[in-house]
Each structure stands twice: as C-alpha cells, then as structure tokens.
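1. Take a look and give me a structure for this.
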Amino acid sequence: MEPTVALHVIVKDGNKYIRDCLRHLQQQTYPHCVVRIFDNASDDDTVAICKREMKTADIIQFDKNYFVSGGFNKSLQYSQEKYVVTVSVDVMIDPHFVENAVAVMEKDRTIGVVQAKVFYYNGDTKEKTTTLDTTGLTIYQSRRIVNRGHGEQDTGQYNAPGEIFCHEGAIPFFRRDALEDVKMQRMTHHKSSEYEYLDEDFVLYAEDLDLGWRIHLFGWKCWYEPSVVAWHDRSTTHATAGSKRAFIKQRKTIPDYKRMLDIRNQRLTMIKNDFPQTVVRHSVFVVYREALLFLYVLLFERSSLRAYRDIIRMAPLMLKKRKIIRAKSRVSEKEMRQWFLKV
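-> Down below sits the predicted model:
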C-alpha cells in the first residue's frame, strides 16, 4: 500500500503567492496527498483565497502568529501521515515532486529528510528560472554556512544524488519517524505545543540548520535528490556574490531584526549541536571568522550587537538542550567531522 503524504502550507499574509502555490500542489502526480493550510493569523485575504481555490484542503486558522517554527510544531498535531512536507508559500513544486521523493524514501528507510533541487522563482513575472536557489546546506570548518549552488546556472553540476550536511527550510520532505525521534520536550512557556521539532526560541532563521544537524546526530540521513524539483522566490538569489563588498551590500537589504537573528541563531545552533573536540580542531578558522564578523558588526551593523547579548543570555538554555541531544546522539565526533569542509 502506498503511503500518504501530508503537504503542510504554513503561511502568514501570503496572498501574493498562495494561488500559484496551491495550484502546483493540486497538480501532483502522486495520488495519496493530504493538503493542510495553517494560517498564522494573516491580516490579508489569504484564508479567503484558500477556501476559494482549494476546497479539498483542510484550513486551520491559528489564534496568533507562531512564525514558521511554532507553526510547524503545531501543525504536526494535526498529522499522522508517514511523510510530511513543509511548504513555504513562495515555493512552487514540480508535478512529480511528491512521487519522486516518496520513491527515494521508500528505498532507504534511514533517510530522515529529502532536499530538493530548488531553482529561483520570480514571483512578479511568475518565471521559473534555471538559476539555482539551493541544493542543501554545506558547512565549513570556520562554521560558515552556505546554500550549495545558490545563484549558479544549472548545467548539471548538481545532478548526482547523495547525502548532504543539512536540508534547507523552504521545502523539506520529512519522514515522520525521524521527526518523532529528534523531537524535544519544550523548556519554555511560550511554545505552541508540548514538543519542539523546530526550535521556537530561535523565532526566525537557522531553525532548519538546527533541525538538520540534530537529524544527523541521531543517525538519520539528509539526502539530496535532484529529481525532486521546486522553485522558490528568494530575493537574494540574483544578488549573490563572493566578495566582502557584495556581502555588506546584501546584508543592508535585510531588516535589522532579521540580521540580528541570523547572527544569533547560527551561534546558538553551534552551542546546541557542535562537538567541542571538533571546534578545538577547527579553532583557528572558527576564531578568525568570528573575529571578522564581530568587527564587521561593530563597524557596519551595530544593530546586531544585541545578538551577542542574547547569546550570553540564552546560552544556559541551549546547554540544557545540548545535554538532552548528547544523551540521544548516535553519531560519533569523527563521523560528524567529515561534513566540515576545508576553508
């Protein structure tokens, strides 16, 4: 019997994209899909559009904005399907997306999450481009996180399937057993549910990195599958470059609060998941990068200095979570070390 797949759209004020997003969900060739739309207290007409455009979907309206992490955690209370896809509203999936992802998952039961080949989608012109958005996250010995392939033209350079360090959060395809294995008891009062899969203390940014790292630590695979295809409207895709000047220019387009969270949450993820032995091994690269980043913040982005205060304030909580992760981890320091690329 073929398994059922839950497609969970978690949305806040998504009227620009929701029609096209739902249309692509309805075009799936895989017959056993359940679509649920979780509205994070939208202020626009997102819910009305959903009711009109996809009458077969279950629509759940939350009492407030739980953001992506809380919305995802809360959404799993409504689902018992074998597989769960978190669908960002600005993502359009290929008709064979679910069919191909299920085929991969069914062949290897150690795969916890599938990462698609994701291209850039222009939400204004509705153009599906051949510019890559992501093929998953890679990590360097300096702890720099990179969207693999981001901004590159697709010439087949990422046509080989295989295990990767971490999925990216736009359209992950999860095995529910893996999610249940890595979930953690909530530790703070503001959470949306009894358990957390994505860390709600992060609010935004790096929650996918944190979950993917934990999936690895618990012995599951993060798998990249190029036959699973989607398009994502990420504004930074067409502005990606490797120079420091381009980095600064790109950072200035992001709101202050989000820039702060980006810096803060990547470091909280390290506190939760990284092996101290590995950090010591890579300490020259880690210290050099962190010193440069702090200098950059001091000179160009003083609004993000709050990130360092928050890291100190939140470190005890992250260390408590780290203790739980370490107790359940099934992967050795040596096994995890292979994922850190040379600088």
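
2. Once you drop chain neighbours, what's closest to the most centrally placed residue in the chain?
-> Nearest residue to the geometric centre of the chain (CA atoms, centre = their mean): G169, 1.9 Å. The shortest distance from G169 to any non-neighbouring residue, by CB to CB, 6 or more residues apart in numbering, is to D208 (3.2 Å). In short, each C-beta sits where N, CA and C put it, glycine included.

3. where's V118, which helix or strand?
-> Here V118 sits within strand 111-122, counting by DSSP states H and E.

4. that older thread, count the neighbours of the residue nearest to G169 for me.
-> Residues near D208, counting by other CB atoms under 10 Å, number 23.

5. Number the chain from 47, please
-> Sure thing, new numbering starts at 47, so read that last one as D254.

6. May I ask which helix or strand encompasses the nearest residue to R297 once chain neighbours are set aside?
-> Excluding the flanking residues, the one nearest R297 by CB to CB, 6+ apart is R305, at 6.1 Å. Using DSSP H and E, R305 sits in helix 302-319.

7. can you check I106 too?
-> Here I106 is assigned to strand 104-107, by DSSP H and E.

8. Show me what counts as buried in that strand.
-> Burial within strand 104-107, assessed by neighbour count using 16 or more other CB atoms under 10 Å, is assigned to I105, I106.

9. how about the CA coordinates for that strand, as PDB?
-> Output of strand 104-107 as PDB, limited to C-alpha atoms (Å, rounded to 0.1, in the frame of the first residue of the first chain):
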ATOM      1  CA  ASP A 104      -8.100  21.400   5.500                       C
ATOM      2  CA  ILE A 105      -7.700  25.000   6.600                       C
ATOM      3  CA  ILE A 106      -6.600  25.600  10.200                       C
ATOM      4  CA  GLN A 107      -6.500  29.200  11.500                       C
END
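
10. which residues touch it?
-> V80, V81, R82, I83, F84, D85, A87, V93, C96, K97, S121, Y124 (CB atoms under 8 Å, 6 or more residues apart in numbering).

11. coming back round to it: where does the residue nearest to G215 land on pLDDT?
-> What the model reports as pLDDT for D254 is 96.

12. re earlier: out of the contacts of strand 104-107, who's the most crowded?
-> In terms of neighbours by other CB under 10 Å, the contacts of strand 104-107 top out with I83 at 28 neighbours.

13. Surely that residue is in contact with C96?
-> Yes - in this structure I83 lies within contact range of C96 using CB atoms under 8 Å: 5.1 Å.

14. quick one on the thing from earlier: how about the contacts of strand 104-107, which pair is most distant?
-> Farthest apart among the contacts of strand 104-107 by CB to CB are V80 and A87. That separation is 22.9 Å.

15. how deep is L122 tucked in, by neighbour count?
-> Using other CB under 10 Å, L122 has 21 other residues around it.

16. May I ask you to confirm that it belongs to a helix?
-> Yes - under DSSP: H, G, I helix; E, B strand; the rest coil, L122 falls within a helix.

17. Could you verify my assumption that it touches V130?
-> Yes - when contacts are counted by CB under 8 Å, L122 is listed as touching V130 (7.0 Å).

18. Now for these two: what residues contact both?
-> Residues touching both L122 and V130 (CB under 8 Å, 6+ apart): L225.

19. export the contacts of strand 104-107 to TSV and tack on distance to D170 and secondary structure?
-> What follows is the contacts of strand 104-107, written out as TSV (distance: CB to CB, whole Å; DSSP: H, G, I helix; E, B strand; the rest coil):
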residue	distance to D170	secondary structure
V80	31	strand
V81	25	strand
R82	28	strand
I83	23	strand
F84	26	strand
D85	24	strand
A87	26	coil
V93	23	helix
C96	22	helix
K97	25	helix
S121	29	helix
Y124	33	helix
